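>>> Task: produce atomic coordinates for the following.
(one chain, ligands or ions: 2)
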Amino acid sequence: MSKENSLKAVIFDLDGVITDTAEHHYQAWKAIANELGIPFTREFNEKLKGVSRMDSLKLLLTQAKTPVSYSDEEMEQLADRKNKIYVDLIETITPADLLPGIKEFIAEIRSSGMKTGIASASKNAIAVLTRLGVMDQFDVIVDVVKLKNSKPDPEIFLTAAAELEVEPNNCIGVEDAASGVDAIKAANMFAVAIGNSANFPHADIVLSSTAELNFQELARAFEGN
Ligand code: B16
Ligand code: MG
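Ligands and ions are numbered 1, 2, ... in the order given. Next comes the predicted model:
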């Protein structure tokens with residue numbers, strides 16, 4: 001393994017990787033969709049993974065049977081209402097909601113002397129991490145409010161690497177959304193995807209569940225790439 005290519009940090013997406021908040025997002029968007037009389041299914045909710053709050057609202061509105069149009073102010077109000085419902089729902093999150101294997105995986109990374117970061121599109125990331133009891137397990141949590149571009153743009157992963165003071169090619173990124181994997185690859189990092197391999201043509205490794213995350217195995221795959 002060359003020094004330039006040594007592993008120094010693992011950067012995580014949050015929703016769908018550290019914990020499964022997709023159901024909470026679904027319930028909150030469903031309440032807004034019902035209010036507007038727009039059909040909204042769990043299947044369609046899959047398209048909102050990793051997508052920002054406002055872009056999620058725009059996608060939801062495409063499901064209206066007849067085209068709808070709202071002013072910027074109305075769009076902000078709808079997005080705010082969705083967020084209030086979501087914030088109430090995540091109050092029930094506890095450390096038991098960490099996805100399988102995550103606690104052990106992070107402990108292994110940190111005991112191997114590697115750094116850890118969070119690159120989540122969610123403005124609620126700190127609230128979720130606090131409820132999960134893992135705030136102290138991450139060296140950096142990128143503040144999404146300061147970013148200009150959404151995934152698949154690499155900005156969020158590049159920002160995490162810069163704040164961790166490591167080069168992107170010394171990082172592994174872990175994601176559950178195709179746009180997130182594309183962001184990791186555009187950042188010149190090694191991409192680990194969680195989910196169905198058919199959805200991740202650009203990932204370096206695809207695992208069907210977080211329970212399969214094994215730091216030593218991933219470090220070996222990283223060294224061999
Ligand atoms: P918020 P991730 C993403 O988080 C979610 O997957 C996506 O469903 C959500 O719309 C987005 O965060 C914004 O969340 O409304 O809380 O700011 O997967 O990038 O950790
Ligand atoms: Mg995600």
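
>>> Can you show me the helices along this structure?
Secondary structure of the chain, counting by DSSP state H: helices at 22-36, 42-45, 53-61, 72-89, 102-111, 125-132, 155-164, 178-186, 215-224.

>>> List the buried residues for the last one?
Going back to what we said before, that points to helix 215-224. 215, 218, 219, 222 (16 or more other Cβ atoms under 10 Å). C-betas here are computed from N, CA, C, even on glycine.

>>> Spell out which residues of the chain are next to ligand 1.
Within the chain, the positions lying close to ligand 1 (Cβ under 6 Å from any ligand atom) are 13-16, 25, 48-53, 56, 83, 120-124, 177.

>>> can we see that at 5 Å?
Where the chain comes near ligand 1, counting by Cβ under 5 Å from any ligand atom, the residues are 13-15, 25, 48-50, 53, 56, 120-124.

>>> got CSV for the buried residues of helix 215-224, with pLDDT and distance to ligand 2 too?
Rendered in CSV, the data for the buried residues of helix 215-224 read as follows (pLDDT from 0 to 100; distance: Cβ to the ion, whole Å):
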residue, pLDDT, distance to ligand 2
215, 97, 20
218, 97, 18
219, 96, 23
222, 96, 21
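
>>> For residue 206, which residues are in contact?
Counting by Cβ atoms under 8 Å, 6 or more residues apart in numbering, residue 206 makes contact with 192, 193, 194, 195, 196, 197, 200.

>>> for those, which one is nearest ligand 2?
Ligand 2 lies nearest to residue 194 out of the contacts of residue 206, by Cβ to the ion, at 8.7 Å.

>>> can I assume the closest one is in contact with residue 210?
Yes: the pair residue 194 / residue 210 is scored as a contact, 5.8 Å apart, by Cβ atoms under 8 Å.

>>> how much space is there between the residue of the chain most remote from its centre and residue 55?
Note on the chain: the largest C-alpha distance from the chain mean falls to residue 66, namely 31.8 Å (Cα atoms, centre = their mean). When distance is defined by Cβ to Cβ, to the nearest Å, residue 66 is 22 Å away from residue 55.

>>> Can you list the buried residues in the helix or strand bottoming out on mean pLDDT in the chain?
Between all helices and strands in the chain, the lowest mean by mean pLDDT, DSSP states H and E belongs to helix 42-45, at a mean of 92. By 16+ other Cβ under 10 Å, the buried positions in helix 42-45 come out as 44, 45.
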